[in-house]
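[1] Dropping the sequence and predicted coords here.
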Amino acid sequence: MRPNQMKNWPRLLAGASSGALPYVTGAVVLAIFVVDTLTDLEIAFPVFYIAVMLMSVSFLEKRGVIIFSLACMGLTVLSFILTSSGAGATGLINCAICLATIATSTYLVLKIESAEVAAHDARAQLAHIGRLTALGELTASIAHEVNQPLAAIVTSGNACSRWLGSSPPNLEKARQAVERMVTDANRASAIIKRVCDLAKKAPPQKDWFDFNEAILEVLTLTRNEIELNRISLETELADDLPLVRGDRIQLQQVVLNLIINSIEALAGRREGSRRILVESKRKDSNEVLIGVCDSGSGLDPRTLDRLFDAFYTTKRNGMGMGLAIGRGIVQAHGGRISATAATPCGAKFEFTLPVGSAEGP
Ligand code: ADP
């Protein structure tokens, strides 16, 4: 059971998946009960309750699993009382062993579940910190992106009051100035919204979305940084890219990290040879591929397999977490991420995502 499912299904059986598993589980419980009651006391049939208890973990929340396992234990005792054939002493020992086994298995299963929930929360927390770090690196650039439309609003506002103050007032020109102000205000507000979306700590979402649009949003946030560093940015975004299902913000974070890394890798390159290519394409009928390629310092083939390790960095102030977090996010979406040396120089990072069947984080 994925942790977010665990939280979203507060009721016991109301949380049952729409599939047939809960009914199958119920039928198996009934079958075990009947067979256990009809067979001799020497046969420790109730141990099969462990199997159904394990099945129940996939559609019940924690409290539900405990109650379900207590019910299995209750049925074990009831079968023991109802069964008349076989040696009573052996039956009693078998019954006690089965009860202890069911209780121990339930405890262990719930322990594993809580460890998974904790690991999931830690991953989400780490991803959030990673996003904040990435945004922190772009603060100046983002401030510039917001300031630009604000300055334009002031200019248009001044022009508007001049047109209105002239004699006779030029209403058409004033209207045009107001229209520009509205457009610029919307632009600033869209950038602020994007930053807030990336910065906020929201539980993972699973939505269908257009990855090209998500890429373009990330590029708005990095545009100024790219221009400041005199980098030529190219995009090759496929028109026929199918919608992708997953956590838009987390996947944008992956692209953002790759672009920031490319910008940093280009720092030492001669002006005029600094290039970044961001592409999206359909890989085959089941996958889309997103790539960020640069003409930067390049990758050392000897360390390629360490790039995605946590804390691996070659930068003086690097944390070495960007690619590790990115890989976690991509894998949680059922995809793969890889790095290759680009030709003639630079690095190429690509990740794939399944289309239509992504399970999401
Ligand atoms: P950080 O950026 O903090 O070092 P990352 O996990 O994002 O952490 O990157 C790990 C390392 O991978 C970097 O230190 C760098 O050596 C290498 N790397 C990542 N992207 C590129 C790139 N585009 N070009 C060259 N090296 C890269």
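    Cool, the structure landed. Numbers count the residues shown, from 1 in each chain.

[2] avg pLDDT for the longest strand anywhere in the chain?
    Longest strand in the chain, counting residues (DSSP state E): strand 275-284. What strand 275-284 shows for mean pLDDT is 94.

[3] mind listing what S262 touches?
    Going by C-beta atoms under 8 Å, 6 or more residues apart in numbering, S262 touches 276, 292-294, 296, 347. All C-beta atoms are positioned from the backbone trio N, CA, C, and that covers glycine.

[4] in the stretch 151-300 of the chain, which ranges drop under the pLDDT threshold?
    For the stretch 151-300 of the chain, no stretch is flagged by pLDDT under 70.

[5] Can you show me the helices along it?
    171-199, 211-228, 248-265 (DSSP state H, counting those that start in this stretch).

[6] how close does the nearest residue to P242 once chain neighbours are set aside get to the ligand?
    Excluding its sequence neighbours, the residue lying closest to P242 (C-beta to C-beta, 6 or more residues apart in numbering) is V355, at 4.8 Å. V355 is 26 Å from the ligand, where distance means C-beta to the nearest ligand atom, to the nearest Å.

[7] With S273 instead?
    S273 is 14 Å from the ligand, by C-beta to the nearest ligand atom.

[8] Tell me, how many residues neighbour the closest residue to the ligand within the stretch 51-200 of the chain?
    Taking C-beta to the nearest ligand atom as the measure, the stretch 51-200 of the chain has T133 as its residue closest to the ligand, at 8.3 Å. Using other C-beta atoms under 10 Å, T133 has 15 neighbouring residues.

[9] so which strand or helix has it?
    Per DSSP states H and E: T133 is located in helix 88-137.

[10] circling back to that earlier point, output the helices of the stretch 151-300 of the chain as TSV; include the columns distance to I112.
    Shown next, in TSV, are these (distance: least, C-beta to C-beta, whole Å):
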stretch	distance to I112
helix 171-199	33
helix 211-228	34
helix 248-265	25
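
[11] With respect to burial, which of the ones you listed scores highest?
    Of all the helices of the stretch 151-300 of the chain, helix 248-265 has the most neighbours on average by mean count of other C-beta atoms under 10 Å, namely a mean of 24.

[12] would you put the C-alpha positions of that helix in PDB?
    The C-alpha trace of helix 248-265 is given here as PDB (Å, rounded to 0.1, in the frame of the first residue of the first chain):
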ATOM      1  CA  ARG A 248       3.900  18.100 -11.900                       C
ATOM      2  CA  ILE A 249       5.900  20.000  -9.400                       C
ATOM      3  CA  GLN A 250       8.300  17.200  -8.600                       C
ATOM      4  CA  LEU A 251       8.900  16.500 -12.300                       C
ATOM      5  CA  GLN A 252       9.400  20.200 -12.900                       C
ATOM      6  CA  GLN A 253      12.000  20.100 -10.200                       C
ATOM      7  CA  VAL A 254      13.900  17.400 -12.100                       C
ATOM      8  CA  VAL A 255      14.000  19.600 -15.200                       C
ATOM      9  CA  LEU A 256      14.900  22.600 -13.100                       C
ATOM     10  CA  ASN A 257      17.900  20.800 -11.600                       C
ATOM     11  CA  LEU A 258      19.100  19.600 -14.900                       C
ATOM     12  CA  ILE A 259      19.000  23.100 -16.300                       C
ATOM     13  CA  ILE A 260      20.700  24.600 -13.300                       C
ATOM     14  CA  ASN A 261      23.500  22.000 -13.600                       C
ATOM     15  CA  SER A 262      23.800  22.800 -17.300                       C
ATOM     16  CA  ILE A 263      24.100  26.500 -16.600                       C
ATOM     17  CA  GLU A 264      26.800  25.800 -14.100                       C
ATOM     18  CA  ALA A 265      28.600  23.400 -16.400                       C
END
